[in-house]
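>>> requesting a structural model of the entry that follows:
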Amino acid sequence: MELTLIRKYHEEGTNGVLLYKGNFLCYTIELPWKQNRKMISCVPEGRYEIVSRYSQRFGIHFLVRGVPGRKYILIHPANNALKELKGCIAPVKREVGPGKGIGSRDAMKRIRFIVDPEIDKSVPVFLTIKSISNEKDISQGDEAYPEIL
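Residues are numbered from 1 along each chain as shown. Predicted coordinates for the structure are as follows:
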């Protein structure tokens with residue numbers, strides 16, 4: 001299974017759209033790009049495996065494996081990257097500014113609805129992260145994601 005995160009960088013945070021088979025799942029927020037420095041930077045562009053994980057703090061969420069020089073990069077609910085994230089990715093239902101969104105728990109449920117059954121069947125799940133400037137063909141066109149452009 002393949003998910004694609006297409007994002008745009010801002011000084012205050014990184015915003016993106018998460019796609020499955022070219023279809024919109026949710027928006028995402030992250031910290032700004034700070035050369036992949038631990039705890040203060042978003043994840044570098046690349047392809048990573050994601051697996052299910054549980055913690056008391058976040059419940060069921062996802063671990064992003066293989067991020068160079070980093071451990072415990074998660075996909076978990078949060079609505080303000082600068083205040084709530086330490087290098088992780090947060091799904092959001094709607095963006096409200098760079099690195100900010102609302103409806104994160106609902107967006108997480110939407111991702112889990114798609115991903116959990118595949119993980120339950122032992123199907124590997126991968127996340128490819130790239131920037132909007134490198135993405136020439138968004139299936140629904142640039143108008144479909146005006147918040148990140």
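
>>> grab the nearest non-local neighbour of the residue nearest the centre of the chain.
In the chain, the centroid-proximal residue (CA atoms, centre = their mean) is residue 89; its distance is 4.4 Å. Counting by CB to CB, 6 or more residues apart in numbering, residue 89 lies nearest to residue 75, which is 4.8 Å off, once chain neighbours are set aside. Using the backbone N, CA and C atoms, a C-beta is placed for each residue, glycine as well.

>>> so the one you found makes contact with residue 62?
Yes - counting by CB atoms under 8 Å, residue 75 does reach residue 62; the two are 4.1 Å apart.

>>> give the residues shared as contacts by these two.
Common neighbours of residue 75 and residue 62 (criterion: CB atoms under 8 Å, 6 or more residues apart in numbering): 50, 111.

>>> and the longest strand for this structure?
Among the elements of the chain assigned as strand by DSSP state E, the one spanning the most residues is strand 46-55.

>>> what does that strand contact?
Contacts for strand 46-55 (CB under 8 Å, 6+ apart): 3, 60-68, 74-75, 115-116, 119, 124-129.

>>> if you set the cut-off to 10 Å instead, what comes out?
1-5, 59-68, 72-76, 89, 111-112, 115-116, 119-120, 124-130 (CB atoms under 10 Å, 6 or more residues apart in numbering).

>>> right, I'll call it a day here.
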